[in-house]
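> Dropping the sequence and predicted coords here.
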Amino acid sequence: MNKVAIAVAAVVAGSSALLNSAQAEMYIGGKVGMTTLDDACYLNSPCDDEAFGAGLHIGYDFTDIIGLEYGVDFLGDYEGNSRSGANTINTIDGNLTALTLAPKFNWHLNDSWNLFAKIGGAYMMSDDETDFVPTGSLGAEYSIDRNWSVRAEYQRYQDMSDDVWDDMDANFFGIGVNYKFAAAPVVAAVVTEEVIEPDPEPVMMSKVHKEEYGTGTFEFDSAKLTEFVSERLDNFVSFLNEYPQAQVEITGYTDSSGPAAYNQKLSERRAQSVADYLTAAGIGSDRLTVKGMGEENPVADNSTREGREKNRRVEVVVPSFEYQELVQPE
């Protein structure tokens with residue numbers, strides 16, 4: 001049995017043994033390409049240092065980063081020559097085969113693309129000549145699915161020397177396909193456990209509140225609170241007692257009758273009358289901001305009696321504030 005047949009048998013036997021022990025991380029593959037030799041011809045003729053090549057390999061990924069790959073590469077038939085001694089030219093005419101074993105280092109760019117490098121040793125065979133040489137390769141792989149991938153690879157065999165070859169290098173450029181024995185992902189059985197949820201408890205909810213409050217109108221040229229205004233303020237006091245964090249902005253206004261400077265003072269007195277009523281009802285003065293705007297910002301037409309009456313007013317605004325409220329769940 002020739003050496004090539006022995007090499008093929010070794011790959012097949014190794015594949016069967018490893019498949020039985022580590023099927024989930026195992027892969028096998030093949031490749032084809034071209035081989036070129038360096039320093040294979042001392043003389044230009046006869047010389048044929050390029051040939052078609054092919055290979056088989058089996059690999060095992062220990063992790064996503066590192067693995068181990070064993071291969072048989074048929075590097076082709078060559079015709080070359082070398083010099084031994086001063087006047088002796090050795091003619092070479094035969095095939096070249098390599099058995100390789102090398103760690104494989106992976107760099108995954110994403111779920112599909114992977115760059116890899118291998119560096120290891122090779123047992124070179126050419127007819128009756130053999131030699132152990134270092135070998136290394138660079139390549140890229142693309143995963144088609146969980147099992148199948150394709151690869152492109154460059155591999156170099158460095159400095160084969162024996163009775164015929166003299167520091168000859170081999171370069172293999174190839175493409176190939178891999179089949180990975182990846183088991184289907186195991187889906188854990190989902191156990192549904194009945195969960196008895198306790199009745200929900202009341203929760204404190206944060207809310208934001210804003211209030212705009214009209215007190216009513218005033219008599220002409222007067223800052224005295226009418227009975228109607230007082231009743232509305234009593235309701236407002238209840239609101240302020242319920243929300244002690246609320247602040248109050250009190251703004252007094254007049255109609256356009258009379259001088260503007262006088263109207264400004266009158267509007268301030270009207271606003272202060274409202275403030276005094278609130279503080280007398282127990283609302284802290286530190287919660288109150290009081291100002292007058294005179295005849296500015298009318299809400300009605302000052303050319304009519306009804307419009308002027310509407311403009312003689314005090315507006316009370318509670319700016320937005322946050323408070324918490326106990327909410328019963330549904």
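Yes, it's here.
> C-alpha only now, for contacts and for neighbours.
Noted.
> List the buried residues in the longest helix along the chain.
For the chain, the helix with the greatest residue count under DSSP state H is helix 260-280. For helix 260-280, burial by neighbour count (16 or more other CA atoms under 10 Å) applies to 263-275, 277-278.
> Need the max-distance pair from those.
263 and 278 (23.1 Å; CA to CA).
> So residue 219 lies in a helix, does it not?
No: applying DSSP: H, G, I helix; E, B strand; the rest coil, one finds residue 219 to be coil, outside a helix.
> Can you give me the distance of the most centrally placed residue in the chain to residue 156?
The chain has residue 110 as the residue nearest its centroid, 12.8 Å off, counting by CA atoms, centre = their mean. Using CA to CA, to the nearest Å, residue 110 is found at 27 Å from residue 156.
> What of residue 147?
With CA to CA as the criterion, residue 147 and residue 156 are 28 Å apart.
> just to revisit the earlier point, contacting residues around the longest helix of the chain?
221-225, 233, 237, 250-257, 285, 288, 290-295, 313-314 (CA atoms under 8 Å, 6 or more residues apart in numbering).
> count of neighbours near residue 134?
Residues lying near residue 134 (other CA atoms under 10 Å) number 17.
> wait, residue 259
Neighbour number of residue 259 under other CA under 10 Å is 10.
> phi, psi of it?
Here is the backbone geometry of residue 259 (degrees, to the nearest 10): phi -60, psi 150.
> List the contacts of it.
Counting by CA under 8 Å, 6+ apart, there are no residues that residue 259 touches.
> and with 10 Å instead?
If you count contacts by CA atoms under 10 Å, 6 or more residues apart in numbering, residue 259 has them with 294, 295.
> go on, residue 224?
Counting by CA under 10 Å, 6+ apart, residue 224 has contacts 218, 269, 270, 273, 274.
> Between residue 147 and residue 156, point out the one with more neighbours.
Between residue 147 and residue 156, counting by other CA under 10 Å, residue 156 is the more crowded of the two (19 against 14).
> Next, the more buried one: secondary structure please.
strand.
> all strands of the stretch 201-330 of the chain, in order?
203-217, 248-252, 288-292, 313-327 (DSSP state E, counting those that start in this stretch).
> tell me what the second one is packed against?
Counting contacts by 3 or more CA pairs under 10 Å, 6 or more residues apart in numbering; DSSP states H and E, strand 248-252 is packed against strand 203-217, helix 260-280, strand 288-292, strand 313-327.
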